[in-house]
Each structure stands twice: as structure tokens, then as C-alpha cells.
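Trainee: Provided below are the primary sequence and the corresponding predicted coordinates.
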2 protein chains.
Amino acid sequence: MALKKKPVTGMKDILPAEMQIRDYVLGQIKETYRNFGYSSIETPCVEHIENLLSKQGGDNEKLIFKVLKRGEKLNLETAETENDLTDSGLRYDLTLPLARYYSNNNANLTSPFKALQVGSVWRADRPQKGRYRQFVQCDIDILGDATNQAEIELILATTTALSKICPNNKFEVRVNDRKILRAMAVYSGFPEDDIEKVFITVDKMDKIGMDGVKKELMENGYSEETADKYLDLMGQVVNDASGVRKMGEILEGVLEPGAAENLAEILDTVAEVSTGDFKLSFDPTLVRGMGYYTGTIFEVSMEGFGGSVAGGGRYDKMIGKFTGMDTPACGFSIGFERIVTILMDAGFTVPTVNAKEAWLFEKGMDMSRLSSIMKEAMEERKAGKTILLAQMNKNKKFQKEQLGKEGYTEFKEFYKEALK
Amino acid sequence: MALKKKPVTGMKDILPAEMQIRDYVLGQIKETYRNFGYSSIETPCVEHIENLLSKQGGDNEKLIFKVLKRGEKLNLETAETENDLTDSGLRYDLTLPLARYYSNNNANLTSPFKALQVGSVWRADRPQKGRYRQFVQCDIDILGDATNQAEIELILATTTALSKICPNNKFEVRVNDRKILRAMAVYSGFPEDDIEKVFITVDKMDKIGMDGVKKELMENGYSEETADKYLDLMGQVVNDASGVRKMGEILEGVLEPGAAENLAEILDTVAEVSTGDFKLSFDPTLVRGMGYYTGTIFEVSMEGFGGSVAGGGRYDKMIGKFTGMDTPACGFSIGFERIVTILMDAGFTVPTVNAKEAWLFEKGMDMSRLSSIMKEAMEERKAGKTILLAQMNKNKKFQKEQLGKEGYTEFKEFYKEALK
């Protein structure tokens, strides 16, 4: 029986042209992050099912690829539910594995620990254009630092990396703080216990606009007055550090003391220190979906492209779920697949030092002549050049076109008899 | 309830010190292979269960991590066997996914196609020291080339990469051909149909020696005469191209014409072209376990270390299992995890251009002073240096020791009041 040629549903084979861009982008990101002192780490792709289902990952938990138990542990006859069949699953993000990693290894790590993690994650989402069930995430996190120096360094590193990869795209970093978002809600009259639910509605601002959010809040049973007060508050201040401080004044008594100044200082310092060309703003409507955020949140959008290209925030409670002892933590994740799509659509080509050369030799060439060509190729490669040595096809023109797609721009031809 | 801190059984968290070596080794291997004209590709980690169970992967199929069906496809009540519960699994090698990839995409690939694939694979082996259930493979393959230029270029590329990564280790490349191994068996009197079974015994030569192999062959019902003839044959020729040609003469009439000359030419040409310092030899006892090999096979061993550090061979029939049309194929795989272990045990440190600097600042430093330090760090990073900026811990000595493990060799200290 013939085997299946297509990849499994929702996953993809990556062709050489895309791989060149992926490798280049990852190289740039990793180099930048290493210069900022982030240490590469790796966690297994397979994670305990208990950890994956621990409600740290919001809706993503529904999308887990579960791995079947093996050997004696798998008992089909007594299994009543899906969860009796599985003891592990593929990770759906890199944050939960990082929290487990840190709690397992922190005796051997520096404090604070600056982690760089790049790897595939899996989500059984409905497949759609440009979204796959296996995709690469690219995260930096600072663990063990409660000060806003963590946020500042994360923003500086991420914006430096983005500027390198997409020098021609303008981008904007929007920041907010979950504490401010909460205080705004309480100040407006929402009950404390409902706040997570209110956030879910506010998070739709991008899609349904102010009016849509107001409508949904009222449908959920809140008064028009409360909804209006909340939404008005969001538009009341300017989008910089002074706006944050102003918001702090308005929310005095409701907002935790120092929270506004903490965020204002992040905005001031990044603006002061950064050498990159991007817009930085306070966005009181920014929510970000993940339930685990406890403080600052940030998101990067790129001019001309909907959605975000990077995002992150502070999650001071997650590591405590493993250790029983809270550890401050803050992270920033680059939407690697998004960036690759943007670059591919723009016809981006990877900068190279040496042109890639393809040396084509005639079919049936005797080994002594071929071996002298190989020797020459070995010398060039030793000098750092890329030399592809391949037999010339009947359709030489097509062969060169195909090679062109893989980045070969120079060609040499070798015949059985050296041309005179 | 507290979450699980350890990784799942048999898998591991990789600490920064090991990651530095891994990243360096992978970088060196990839750069070398790219210079030889191999194109990076990627296949999904999850593969169709039908493909994984198609008997292309020998014993490895027993070790598959199977992924549970999802949604309506999963029916616990009607499921009778394990295979009713699963539609996919984690790949156990990169060769089967490559064959699927090539048959799916060959219209968009150059011919011959030189593929470079690096990625994790999973096997539910009994965990033991140094062997994990998730590990990285690093393969190059040439698809669509029936000539021995494929073998020659694979051996040249792999030995160049190994020489770069382990310049202080002596290694030996042993080659053989499954056709010669078969012909030797037939010539000695084994029935054609039993040959795969005979190979399984001969493959144990490393572990049980000549005598052990002879004993097992006789236990399996073959005559002492046949066993002796086979084993004598293996010791009868010298281990170079002339030995291969001699073997060809002995086996004339049994061995496919041209097969010995084909292998002899590989040995001659690699010796002629290669600039590396390694031993190359014909090893008529070499079997390699995988059932899919059809011709040349090779294996690399390193002086002072048991087992192999790389291996591969020709598998001309596998792609035909997908397409119905045989495509010549040949590959070489570096035992990446093995190499990393060897380097770690030898206390290898990654060569760096710039020393990594850690800048430690006193706790409670005001933001204006900190921000000027950050500016300075940004400038140094821009120039390509690694600058870690971190708050000074109470136990500064321990902090520096920990940082030393992550490769930091230079330290600067900054205090609230600049020292006069």
C-alpha cells in the first residue's frame, strides 16, 4: 500500500526558500538576545499532562495534542475518559515549560535568570491560511527580578531584534499594566469578582471597537453608566508617561501605590535608552488574553499589518504553582511565524557574504577529472564559499531556475573534455 | 495542588552550559553542510501513524510515542485496540519524514536534491545514562543521484564537519556495501531468503566477536562449514580499495557486476580528494541495523569511544514506497548527542570572539544613573559584545561563580555613588 505523501492535517513541510529566511531570522534574533546576556535553554517538547491541564494556559489547553500512555500503563478496558489514556502531551507554549524548568533547576541557574528559549509548540487549532498546528515560538524571560529593570531590558532587547530583522517596517510598542486595568474597572463600578470576565470583553476592542465593547458589557448585565465610565477613562489620558501618571492620580485610592510610577518609569527609561526607531505608547485598552499576567503587559504591532508581531508581560504567580513560593517573572515573545510571513510576502532575500555557486558537470564524466573538480570545490569551501557540485540535467535551463530559487546566483559548467 | 517539577520520564531540561556547546556544534555542522550546497528543510515532528508503522524503521517502530485522536474521531466505546485511538505519532527518525517530504514536494526541488535536516526525534526506549527519549538528529541526504558521487560527497561533507567540531579526536570511516555482504553470504552457502536474519547475527560482531557470531549462526541451524566460510571471507582481504576489488574477484558470478568497482572508486576518490585527517577503510563485517539500506553503508567511529559517532548509507527503495517509483537516495547522519557528550566529558569550551561581560549594579540604584549604564551597555552590544546587566546579589562571589558557568569571564561593578 502506498504511504501518505501529505503532512498531517494543519502541519507543513518547509521548503528551502522559506528555510533560508527562517534560519536567517532566528540567527539574528538569537545573536541579539545573546548580546543582551540571555542564556539559551531547552525544555522537552513533551510535558506532563497534569501541568498542561493546570489552567495556566487559558483556552490553549483545549487544543493540546495528547500522547497515549505506553505499555502496562495503558489499559483500554478500564479507561473511562480520555484522560485515563494519556500521561503527557505536546507543549502549547514555552512559558509553562519554562516555569517548570526554573523550579526544577534554579539551584544551578544565575539569579536573576535571563532565559532565551526557541522551539516548536503545538495547538490543534482549526487550520487556516498562515496558521499551522506546529509553529515556532521565540521567547525571552527574566526570572527572579521584581524591579521594572526586567521590563525595560525585555523591551530594549525585543525592539533591537525587531529593528534588525525588519529594518524597513515601522512598529509600535504599546504597554499597559493589569493593575491599572483592574483599578480602572473597580473605579468604574464593576464588581471585583467579575473583572476577568470584563477583560475578555475589553480584549475584543480591536475587532468590535468601543461601541461593540460597550454593547457587550451591557448585554452581560452591567449598567450603561459603568460601561461609559470605564470606556471614557480609557480615552482620558495621553499615551505617554505623563498619561500614566495622570491615570495614577485619577485612580488614587483604588490603584496600588507606586504602580503608575512603575509603568511611567518604564516608558521614560526605554525612550531615554533605546537607540531604535519605534513608537512607544501607553495603551490603557491593552488587555492581552493570558490569565496569568499580573502586572505590566506589552504588545508590538507593525504598521500595515493587523494583529501583533510580539507580546508579553509580567507573570509573578506562575512559578509559585510549582514551588509553592512566588518568583517574579516577566517575558516577551516574538511572533516568529508572523515575521517570516511578512518578510516572505515582501519578497525578502537573505543577505549573503559570498554568492552561492553551483558547479554543474556533464553526465558520465570520468572519475579522475571529476575528482580534480571536487578538489577545487573543497578548497573553495574551506575558504567559506558555498559550492554545490551536481550533475548537469538534460534541461539545464530549468535546473538553473530551480537552483536560483535556493539562492544560487553563479554557475560554472564542466564538460567531459575541457573546453579549449 | 503543586505541579510536577521534573521533566517527563526519559527527557531532559538542557542547562545553559550544555546549550552553549549544542548551539556551537550545530552552528559548525550547518555552516559546513551549507558550504557543500545542502539546503535546509524541515518536516513536522508529528507524522501519520500509517507511515510510522510501515516497517521502514526496523525496531524503532515499537518505540513510537503515539498521539491521541481528537474530537469526534476519538471514540472510546468502539475502540478495540491501541491503533483505534491514534492517527499520528512523533517521528522516530528524520529519514522516513524526508522520504515523505521528497515525494510530496519534488516538483519544487532541485534534482538531485541535497537536503540538510536537523531536528528532534522521539523513541520510548528504556531510559539509561546518556540516552534520552527526545534527542536531536542531524542528517544530510542526496536524493535522485544513483551514482557514487553521492556517497563521495556525503563522506567528504561529514568528515569535514567532524574534523571542525572535534579537531583533537582521531576518527575512522568504515564502508561496506549491502550487495557485497549479501553476495558473501550466498557464496558461503546461506539460503537467499535467510540473509536478513544472518545480518542480524553478523551485526553483533562488535559485542560478541567472531566466535560469538559463529556460535549464534550454528545455533540458528546453519552448518559450521557455511559459518566458517562466511567469517573467513571477511578476514581474507585488506581494508582498502584493492581489498574491495579482490573481494569482487572472489565473488564473481554471485555479486552484481560493477558493485565492487563502485565501492572501490568511493574509497579511492575520498582518499584522493579529502583534506581531512582520518582513516578510511573497507570493513566487510559492517552491517548497520536498518533494513532499508540497499547498497553502500558507512559508519564513523572515534578513537577512545565505543559505538559510532555517525552512520548512513544508500536506501534506493524507500521513496518508492510513497510514489510507486523508486528514487535513488543516500544519507549520512551525525550522532549529535554523542558528539555533545564527548565534548562535555572532555571539558570543551566554546571559542568566542569577545569575552562575555557581566555588569553588576548595586541594589536600589536610582533610575537616572541606571539608565546611563544601560545606554553604555546598548552601545557595547551594538558593537557585537555580550553585556549582561544584572542587579548585584548579596553573595557577589557566588553570583560571579554562577555567571562563570554560563561563560562570563569579565565583570564590572556599579555602585549607587560612582567610586571616586
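Mentor: Happy to help now that I have it.
Trainee: so A:Glu151 is in which element?
Mentor: Under the criterion of DSSP states H and E, A:Glu151 resides in helix A:149-165.
Trainee: Give the pairing partners of the helix or strand following that helix; include direction for each.
Mentor: Reading on from helix A:149-165 to the C-terminus, the next helix or strand found by DSSP H and E is strand A:171-177. Strand A:171-177 has the following sheet partners, assigned by DSSP bridges: strand A:279-282 (parallel), strand A:296-302 (antiparallel).
Trainee: A:Glu380 belongs to a helix, doesn't it?
Mentor: Yes - when DSSP: H, G, I helix; E, B strand; the rest coil is applied, A:Glu380 is found to be in a helix.
Trainee: wait, what's in contact with it?
Mentor: A:357, A:387 (Cβ atoms under 8 Å, 6 or more residues apart in numbering or on different chains). No exception for glycine: its C-beta is placed from N, CA and C like everyone else's.
Trainee: And for A:Ala183?
Mentor: Applying Cβ under 8 Å, 6+ apart, the residues near A:Ala183 are A:251, A:254-256, A:259.
Trainee: for chain B, what are the nearby residues on the stretch 101-250 of chain A?
Mentor: The stretch 101-250 of chain A comes close to chain B at residues A:101, A:103-105, A:108-112, A:114, A:120, A:122, A:124, A:133-134, A:145, A:147, A:149, A:152-153, A:156, A:160, as judged by Cβ under 8 Å from any Cβ of the partner chain.
Trainee: mind running it again at 7 Å?
Mentor: The stretch 101-250 of chain A comes close to chain B at residues A:101, A:103-105, A:108, A:110-112, A:114, A:120, A:124, A:134, A:145, A:149, A:153, A:156, as judged by Cβ under 7 Å from any Cβ of the partner chain.
Trainee: Then the stretch 301-420 of chain A?
Mentor: A:321-322, A:324, A:367, A:370-371, A:374-375, A:378, A:381-382, A:384-391, A:393, A:399, A:402-403, A:406.
Trainee: Tell me which residues of the host helix or strand of A:Lys30 come out buried.
Mentor: Here A:Lys30 sits within helix A:16-35, counting by DSSP H and E. For helix A:16-35, the neighbour count (16 or more other Cβ atoms under 10 Å in any protein chain shown) marks A:16, A:18-22, A:24-26, A:29-30, A:32-35 as buried.
Trainee: for chain A, what spans make up the helices?
Mentor: With helices called from DSSP state H, chain A shows them at A:16-35, A:49-52, A:95-105, A:149-165, A:178-188, A:195-202, A:205-219, A:224-235, A:241-250, A:259-273, A:320-323, A:336-345, A:367-382, A:396-405.
Trainee: need those helices in TSV with mean pLDDT, can you?
Mentor: Below are the helices of chain A laid out as TSV (pLDDT from 0 to 100):
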stretch	mean pLDDT
helix A:16-35	96
helix A:49-52	94
helix A:95-105	96
helix A:149-165	96
helix A:178-188	95
helix A:195-202	90
helix A:205-219	92
helix A:224-235	93
helix A:241-250	96
helix A:259-273	96
helix A:320-323	89
helix A:336-345	94
helix A:367-382	94
helix A:396-405	92
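Trainee: what number of residues lie near the closest residue to A:Lys73 other than its chain neighbours?
Mentor: The shortest distance from A:Lys73 to any non-neighbouring residue, by Cβ to Cβ, 6 or more residues apart in numbering or on different chains, is to A:Asp87 (6.7 Å). Per other Cβ atoms under 10 Å in any protein chain shown, the neighbour tally for A:Asp87 reads 19.
Trainee: try A:Pro7
Mentor: Using other Cβ under 10 Å, A:Pro7 has 22 neighbouring residues.
Trainee: So it sits against A:Asp13, correct?
Mentor: Yes - contact criterion Cβ atoms under 7 Å: A:Pro7 and A:Asp13 qualify, at 5.5 Å.
Trainee: Quick one: residues contacting the residue lying closest to A:Met210 once chain neighbours are set aside.
Mentor: Distances taken as Cβ to Cβ, 6+ apart place A:Leu231 nearest to A:Met210, at 5.7 Å, with adjacent residues excluded. By Cβ atoms under 7 Å, 6 or more residues apart in numbering or on different chains, A:Leu231 lies in contact with A:210, A:213-214.
Trainee: Wait, A:Thr341 touches A:Arg131, no?
Mentor: No - using Cβ under 7 Å as the test, A:Thr341 is too far from A:Arg131 to be in contact (9.8 Å).
Trainee: Which one of the two is surrounded by more residues?
Mentor: A:Thr341 (17 against 14).
Trainee: quick check, nearest of the contacts of A:Ala183 to chain B?
Mentor: A:Ala259 (15.9 Å; Cβ to the nearest Cβ).
Trainee: rewinding a little: can you give me the angle the helix holding A:Lys30 makes with helix A:336-345?
Mentor: Here helix A:16-35 runs at an angle of 130 degrees relative to helix A:336-345 (axes from the mean of the first three to the mean of the last three Cα atoms, to 10 degrees).
Trainee: Now do helix A:16-35: distance to the chain's middle.
Mentor: Centre-to-centre, helix A:16-35 and its host chain are 13 Å apart (Cα atoms, centre = their mean, to the nearest Å).
Trainee: Same check on stretch A:291-303?
Mentor: 12 Å.
Trainee: wait, what's in contact with A:Leu280?
Mentor: Contacts of A:Leu280 by Cβ under 7 Å, 6+ apart are A:173, A:267, A:270-271.
Trainee: ok, of those, which come out buried?
Mentor: For the contacts of A:Leu280, a burial check counting by 16+ other Cβ under 10 Å picks out A:173, A:267, A:270.
Trainee: of the contacts of A:Leu231, buried ones?
Mentor: A:213-214.
Trainee: residues near the residue nearest to A:Gly248 when sequence neighbours are not counted, how many?
Mentor: Closest residue to A:Gly248 apart from its sequence neighbours, by Cβ to Cβ, 6+ apart: A:Ala260 at 2.6 Å. The tally of other residues near A:Ala260 (other Cβ under 10 Å) stands at 26.
Trainee: do A:Pro191 as well
Mentor: 12.
Trainee: One more: A:Ser308?
Mentor: Neighbours around A:Ser308, by other Cβ under 10 Å: 20.
Trainee: was I right about it contacting A:Phe298?
Mentor: No - taking contacts as Cβ under 7 Å, A:Ser308 lies outside contact range of A:Phe298: 9.6 Å.
Trainee: who touches A:Leu263 in this structure?
Mentor: By Cβ under 7 Å, 6+ apart, the neighbours of A:Leu263 are A:175, A:177, A:180, A:244, A:296.
Trainee: and with 6 Å instead?
Mentor: A:177, A:244 (Cβ atoms under 6 Å, 6 or more residues apart in numbering or on different chains).
Trainee: And the residue of the stretch 1-150 of chain A found nearest chain B, its phi and psi?
Mentor: Nearest to chain B in the stretch 1-150 of chain A, going by Cβ to the nearest Cβ, is A:Gly37, at a distance of 2.7 Å. Per-residue torsions, A:Gly37: phi 90, psi 20 (degrees, to the nearest 10).
Trainee: From B:Lys356, how far out is it?
Mentor: A:Gly37 sits 8 Å away from B:Lys356 when distances are taken as Cβ to Cβ, to the nearest Å.
Trainee: gap between the nearest residue to A:Leu233 once chain neighbours are set aside and chain B?
Mentor: Distances taken as Cβ to Cβ, 6+ apart place A:Met184 nearest to A:Leu233, at 5.3 Å, with adjacent residues excluded. Distance of A:Met184 to chain B, computed by Cβ to the nearest Cβ, to the nearest Å: 25 Å.
Trainee: Am I right that A:Met184 is in contact with A:Asp232?
Mentor: No - here A:Met184 lies out of contact with A:Asp232, judged by Cβ atoms under 6 Å, at a distance of 10.2 Å.
Trainee: So between these two, which is more surrounded?
Mentor: Set side by side, A:Met184 and A:Asp232 show more neighbours around A:Met184, with 27 against 11, by other Cβ under 10 Å.
Trainee: I am finished for the moment; much appreciated.
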